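>>> Sequence first, predicted model second:
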Amino acid sequence: MAEVRMTNINKSFGAVEVIPDLSLTIPDGSFSVLVGPSGCGKSTLLRMIAGLEDVSAGEIHIAGEDVTGAKPSDRGIAMVFQSYALYPHMSVRQNIGFGLKLAKTPKDEINRRVGEAAEILQLGPLLDRKPRQLSGGQRQRVAIGRSIVRKPKVFLFDEPLSNLDAALRTQMRVELAELHAKLNATMIYVTHDQVEAMTMADQIVIMKDGIIQQVGRPMELYNAPQNPFVAGFIGSPRMNLIEGRIAEARKSKILGIRPEHIDVSPDAGEWEGRLRYVEHLGSDTVAYVDSEAAGRITVRLPGEVAISTGDAVFLTPRANNIHLFRADGTVERA
């Protein structure tokens, strides 16, 4: 385990500055997720931690040691990529232990470590299979096993679930969270999927244009976003961000209200509107409402609700759940 500390990190590709000036601490033993839209700099930052990208300025420390100029192999890290990168002609056992074999680790030690990793990842019955005989989720577990046997100080994950279907992604989120609990290791995980961030992280780092927007625990970011970008990025469906007269009446530039914090009535309410589209999902109902006063509003109601496209409705935001943002984008009240 190890703390990862980045101080005044800058990264430029020629004249293009992708990370202007970033300082961040990844606590020892944490599961920290770097999240943001494509091009926000999260993968570049991960690659700088790994030593796969040079740092233009600043310092990176892992476990108290300055590794800014160190080779990837000398940083005590292991990285799991989006692609599994397994050797097709090797068995699962051979794939997991290949890095140790290259390092000339004694055969008994290789077998012991591979066995431990296989037990943690439930790969025991699959050790003699080839990658083509495995599912996508099983292949990703093999790639993770290859990292575990190296006993790194820090695990780095670069969008490892992107190639999996929805059901497998859900399963693997659970397995990765359980793996973190078993290993009690420092893990840094990159994704553009805020659901992955919310469900797995104990620390989320939200980035935009190479700049950290907010750092905190998942529900801290959900309940108290510090700017409209964070407010709109975290949560699904996304927070309603309303400008104009409604926000101005509360002396703010933007009023934010989450879809689940809006009450719907057929008779009376603060904003009148008409249902543009309704999604009946069983566990909840998501409605998209066109309102002259508030614009297009998304509402989420628990369970199955008897409303249909075209119905007239009245919406009332719950006062205690309103978020107000100033003209400069900072939070006024949440």
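It's in.

>>> okay, CA-based contacts and neighbour counts for the rest of this
Fine.

>>> After the helix ranked longest in the chain, which helix or strand is next?
What stands out as the longest helix in the chain, according to DSSP state H, is helix 166-183. Using DSSP states H and E, the next helix or strand after helix 166-183 towards the C-terminus is strand 186-191.

>>> then the next helix or strand after that following strand to PDB, C-alphas only?
The C-terminal neighbour of strand 186-191 among helices and strands, as given by DSSP H and E, is helix 194-200. Output of helix 194-200 as PDB, limited to C-alpha atoms (Å, rounded to 0.1, in the frame of the first residue of the first chain):
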ATOM      1  CA  GLN A 194     -20.100   8.400 -13.300                       C
ATOM      2  CA  VAL A 195     -22.100   5.300 -12.200                       C
ATOM      3  CA  GLU A 196     -18.800   3.300 -11.900                       C
ATOM      4  CA  ALA A 197     -17.300   6.200  -9.900                       C
ATOM      5  CA  MET A 198     -20.300   6.500  -7.600                       C
ATOM      6  CA  THR A 199     -20.600   2.700  -6.900                       C
ATOM      7  CA  MET A 200     -16.900   1.800  -6.400                       C
END
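
>>> List of residues touching helix 194-200?
Applying CA atoms under 8 Å, 6 or more residues apart in numbering, the contact partners of helix 194-200 are 31, 33-36, 173-174, 176-177, 191, 204, 218-219, 233-236.

>>> quick one: low-confidence ranges for the chain?
Low-confidence segments of the chain (pLDDT under 70): 1, 333-334.

>>> any idea how it splits into domains?
Annotated domains of the chain cover 4-229, 238-333 [automatic domain parsing].

>>> how about CSV for these, with mean neighbour count added?
Shown next, in CSV, are the domains of the chain (neighbours: other CA atoms under 10 Å):
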stretch, mean neighbour count
domain 4-229, 18
domain 238-333, 17
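
>>> My read is that Asp21 contacts Asn8, right?
Yes - the pair Asp21 and Asn8 passes the contact test of CA atoms under 8 Å, sitting 5.1 Å apart.

>>> rewinding a little: can you tell me which of the contacts of helix 194-200 end up in helices?
Secondary structure defined by DSSP H assigns Arg173, Val174, Leu176, Ala177, Pro218, Met219, Phe233 of the contacts of helix 194-200 to helices.

>>> Nearest to Pro266 among the residues you listed?
Using CA to CA, Phe233 comes nearest to Pro266 of those, at 30.1 Å.

>>> roughly how far apart are that closest one and Pro37?
9 Å (CA to CA, to the nearest Å).

>>> go on, Ile297?
23 Å.

>>> Tell me which residue is most central in the chain.
Taking CA atoms, centre = their mean, the centroid of the chain lies closest to Ala197, which sits 3.0 Å from it.

>>> Okay, it and Gly58: tell me how far apart.
For Ala197, the distance to Gly58 - CA to CA - is 27 Å.

>>> Now stretch 51-68 - C-alpha only, CSV.
Output of stretch 51-68 as CSV, limited to C-alpha atoms (Å, rounded to 0.1, in the frame of the first residue of the first chain):
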residue,chain,number,x,y,z
GLY,A,51,5.6,6.6,-15.9
LEU,A,52,4.2,6.0,-19.4
GLU,A,53,4.1,9.8,-20.0
ASP,A,54,6.7,12.3,-19.0
VAL,A,55,5.8,15.1,-16.6
SER,A,56,6.4,18.5,-18.1
ALA,A,57,6.7,20.1,-14.6
GLY,A,58,5.9,19.1,-11.0
GLU,A,59,6.6,16.0,-8.9
ILE,A,60,5.0,12.6,-8.3
HIS,A,61,5.7,10.7,-5.0
ILE,A,62,4.6,7.1,-4.4
ALA,A,63,5.0,5.8,-0.8
GLY,A,64,7.1,8.9,0.0
GLU,A,65,9.6,8.3,-2.8
ASP,A,66,10.0,10.8,-5.6
VAL,A,67,9.3,8.8,-8.8
THR,A,68,8.9,11.7,-11.2
